[in-house]
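>>> Sequence and predicted structure, then a few things I'm wondering about:
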Amino acid sequence: MSGQYKQHYNAFKQNPAEFWLAQSKCIPWYKTPQNAYTQDSDDLYHWFDDGQLNTSYLALDQHVEAGFGEQTALIYDSPVTNTKQTYNYSQLQQEVAKFAGVMQSLGVQKGDRVVIYMPMIPQAVIGMLACARLGAVHSVVFGGFAAHELAVRIDDAKPKLVLSASCGVEVSNIIEYKPLLDDAIKRATHKVDHCVIYQREQATATLNSGQDIDWAKAMQTAQAVDPVPVSGSDPLYILYTSGTTGLPKGVVRENGGHAVALNYSMKNVYGMEPGEVFWAASDIGWVVGHSYIVYAPLMYRCATVLYEGKPVRTPDASAFWRVVEEHKVTALFSAPTAFRAIKKEDPEAEGFKKYDTSSLKRLFLAGERLDAATYGWLKEKTGLPVLDHWWQTETGWAIACNPIGIEHLETKAGSSTVPTPGFDVRILNMEGEECAPNESGAVVIKLPLPPGCLSTIWQNTERYKQGYLSEYEGYYLSGDGGYIDEDGYLFIMGRTDDVINVAGHRLSTGEMEEIVAAHPAVAECAVFGVNDALKGQNPMAMIVLKDGFTGSHQEVQQQLVQSVRNQIGAIACLKNIMCVERLPKTRSGKILRKNLRQLIDGEELQIPSTIDDPSIFAELSEQLAEK
């Protein structure tokens, strides 16, 4: 591997504290930190504890003060409501300062929690930034979540206030949020003081006297407030992610490390320059939305796109390319699922040819493994750099990437390229010893985790330590398996529980999935292990065929069996292949392989709250019964 990245990474490895203190000087502090990190009585790390700053100031006020108030900050594009709206930095700052005044008048102070249960509208972003302005801790819950799941999060975060909207708008229906919110509040043991409701024209909510406040009316008399200085180690937000026990884990992100890491990432991971347009095609309910719709682009003085729509059916598979042309998007970041959906409906990428996408410099993918077939299709059809990177809700930004702001490295299909400076990634075997190049093991990160990663689990330090820090002393356990090759490239092969044991042989379902996905007739697939009385486990595949495919299903299945046998060996024995109409996914596009395994093995389904459409399991059960 050549020079610049290696030098940059080695500078971090030699002295992480000095490296990150230097990066901290790239943002304006009220009080500049002198120490990089400290450890508390539980031996947990906190970055820039002795510094003072405000995240809302970094995202808005600093740019207005520097004379960039007229520059575009937020572009709202909603094909589902046929609405577009643009805010410059001055306008967004004024809205945020006033809404912070609304919350302050309702008793919200530094350290109080605020739950945000909203669709992809500007008011959701304004609410998040207003919390940051007051030093309050926001917890965004994906709009439209079931009442029970919302109640669980209310009881854990104990918010003073809930911000919501009258409804969310989907491609074919309207989801009224207020009845769900009312139900959640009834179920929750913790009682919130007030709910502030933004009324959308698609559905008007009935407000409860005394508790509910109309957003627009409150803004009419609101007084703007200044940013409140907070410590670098004060929490900015709690974001709940699925836990193995069924109880969600509240990932805690602190202000100081978050600001330094995200500011660093915009240049070094994404190659952005201030003034360019960044589009993370995600949702604010997910970590991608927190980091790269709201905070990082604004702190770095880019314009950010807030898109209320889908990659397909709003109105068709060219939706993404229309947004790129219209808003002159420089970089687009989405999940592989989105592009697989586009590929399925528009395999020849006719939609891409319809629009002027000359502003678009690169495509970024994360959220799940980028299969070689999708990678190859995007490269061929767009001619753009297609950059896979790997991170987690817990880390908040990329653990591994192609660090194009430092050096644009050669890509390898199936690899998220190299560890991002700040992340000391190792591969360990079951005994805790480092694996040789190309040898698979547990992917871990040597402590301390860099700035921007979780500091703990909200109100549950023990759960954090047990779940992430106890397996290998001195390391954070990612929960993923993979290997580093002889060139230092990292390959993530899926969750460690996706490694199956067939007659004593450990096999990666991720590797099989790559082979299945490469078949020209396959749009999407999932490979997972199912119980076998003789061999312990056997692999099974569910495949979705491309629209318009008219060939023989049986022939495709036979070809896939042979391909896996040829490329992995007879021991892989992928013989059970089922064609389905669709696969079960979370709202962020992750395929629920664990639930598919439970379904086939006849186990009780432990369906996560993040599922996109629970009815799919009834469909699959019927199909299995027919077989």
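Done, it's in.

>>> Name the next helix or strand downstream of the host helix or strand of G482, please.
For G482, the enclosing helix or strand under DSSP states H and E is strand 475-484. In the C-terminal direction, the helix or strand that comes right after strand 475-484 (DSSP H and E) is strand 490-495.

>>> Report the mean confidence score over that next one.
In this model, strand 490-495 has an average pLDDT of 86.

>>> buried ones in it?
Across strand 490-495, burial judged by 16 or more other CB atoms under 10 Å covers 490-494. In short, each C-beta sits where N, CA and C put it, glycine included.

>>> next SSE after the worst-scoring helix or strand of the chain on mean pLDDT?
Ranking every helix and strand in the chain by mean pLDDT, DSSP states H and E puts strand 505-508 at the bottom, with a mean of 70. As assigned by DSSP H and E, the chain's next helix or strand after strand 505-508 is helix 509-517.

>>> from the chain's centre, how far out does that following helix sit?
23 Å (CA atoms, centre = their mean, to the nearest Å).

>>> Output the contacting helices and strands for the helix or strand just after that helix.
Next along the chain after helix 509-517, taking DSSP H and E as the criterion, comes strand 522-532. With contacts defined as 3 or more CB pairs under 8 Å, 6 or more residues apart in numbering; DSSP states H and E, the secondary structure elements packing on strand 522-532 are helix 336-345, strand 499-502, helix 509-517, strand 536-545, helix 593-601.

>>> which of the ones you listed has the lowest average pLDDT?
Mean pLDDT is lowest for strand 499-502 among the helices and strands packed on strand 522-532, at a mean of 72.

>>> Any stretches of the stretch 51-200 of the chain with poor pLDDT?
Across the stretch 51-200 of the chain, not a single residue meets the criterion (pLDDT under 70).

>>> where do the strands sit along it?
In the stretch 51-200 of the chain, strands defined by DSSP state E, counting those that start in this stretch lie at 52-53, 72-78, 83-88, 113-117, 137-140, 161-165, 167-169, 174-176, 194-198, listed in chain order.

>>> Would you check how far apart the residue most central in space within the chain and H519 are?
Taking CA atoms, centre = their mean as the criterion, V288 is the residue nearest the geometric centre of the chain, at 3.5 Å. Taking CB to CB, to the nearest Å as the measure, V288 and H519 are separated by 29 Å.

>>> Over to M578?
M578 sits at a distance of 14 Å from H519 (criterion: CB to CB).

>>> could you dump stretch 146-164 to CSV, C-alpha only?
Extracted C-alpha coordinates of stretch 146-164, given in CSV (Å, rounded to 0.1, in the frame of the first residue of the first chain):
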residue,chain,number,x,y,z
ALA,A,146,-45.4,0.7,16.9
ALA,A,147,-46.8,2.1,20.2
HIS,A,148,-45.2,-0.6,22.3
GLU,A,149,-41.7,0.1,20.9
LEU,A,150,-42.2,3.8,21.4
ALA,A,151,-43.3,3.3,25.0
VAL,A,152,-40.3,1.2,25.7
ARG,A,153,-38.0,4.0,24.5
ILE,A,154,-40.0,6.6,26.5
ASP,A,155,-39.6,4.6,29.7
ASP,A,156,-35.8,4.1,29.1
ALA,A,157,-35.0,7.7,28.1
LYS,A,158,-37.5,9.4,30.4
PRO,A,159,-38.0,12.5,28.2
LYS,A,160,-39.5,15.7,29.4
LEU,A,161,-40.9,16.4,25.9
VAL,A,162,-42.0,14.5,22.8
LEU,A,163,-41.8,16.2,19.3
SER,A,164,-44.0,14.6,16.7
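
>>> let's have the chain start at 644 instead
Yep, numbering from 644; the last one is stretch 789-807 now.

>>> Report the distance from that stretch to the chain centre.
Between the mean C-alpha location of stretch 789-807 and the chain-wide mean there is a distance of 21 Å, by CA atoms, centre = their mean.

>>> One more: stretch 675-689?
Shown here is stretch 675-689, whose average C-alpha point lies 26 Å from the average C-alpha point of the whole chain (CA atoms, centre = their mean).

>>> how about it: buried residues?
Within stretch 675-689, the residues scored as buried using 16+ other CB under 10 Å are 676, 679-680, 687-689.

>>> Just send those back as a markdown table, with pLDDT, distance to D1128 and secondary structure too.
Output for these, formatted as a markdown table (pLDDT from 0 to 100; distance: CB to CB, whole Å; DSSP: H, G, I helix; E, B strand; the rest coil):
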| residue | pLDDT | distance to D1128 | secondary structure |
| --- | --- | --- | --- |
| P676 | 98 | 37 | coil |
| A679 | 98 | 31 | coil |
| Y680 | 98 | 31 | strand |
| L687 | 97 | 33 | coil |
| Y688 | 98 | 30 | strand |
| H689 | 98 | 34 | strand |
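
>>> Which pair of those spans the longest distance?
P676 and L687 (17.6 Å; CB to CB).

>>> which residues does L1133 contact?
1033, 1043, 1058-1062, 1068, 1086, 1125-1127 (CB atoms under 8 Å, 6 or more residues apart in numbering).

>>> So which of these belong to strands?
1043, 1061-1062, 1068, 1086, 1125-1127 (DSSP state E).

>>> how about low-confidence regions in the stretch 894-1043 of the chain?
Across the stretch 894-1043 of the chain, not a single residue meets the criterion (pLDDT under 70).

>>> Tell me which stretches of it form strands.
When secondary structure is read from DSSP E, counting those that start in this stretch, the stretch 894-1043 of the chain shows strands at 920-923, 946-950, 974-977, 1005-1008, 1029-1031, 1043-1044.

>>> Point out the most buried one among these.
Greatest average neighbour count among the strands of the stretch 894-1043 of the chain goes to strand 1043-1044 (a mean of 28), per mean count of other CB atoms under 10 Å.

>>> Does anything pack onto that one? Which helices or strands?
Using 3+ CB pairs under 8 Å, 6+ apart as the contact test, the elements touching strand 1043-1044 are strand 1061-1062.
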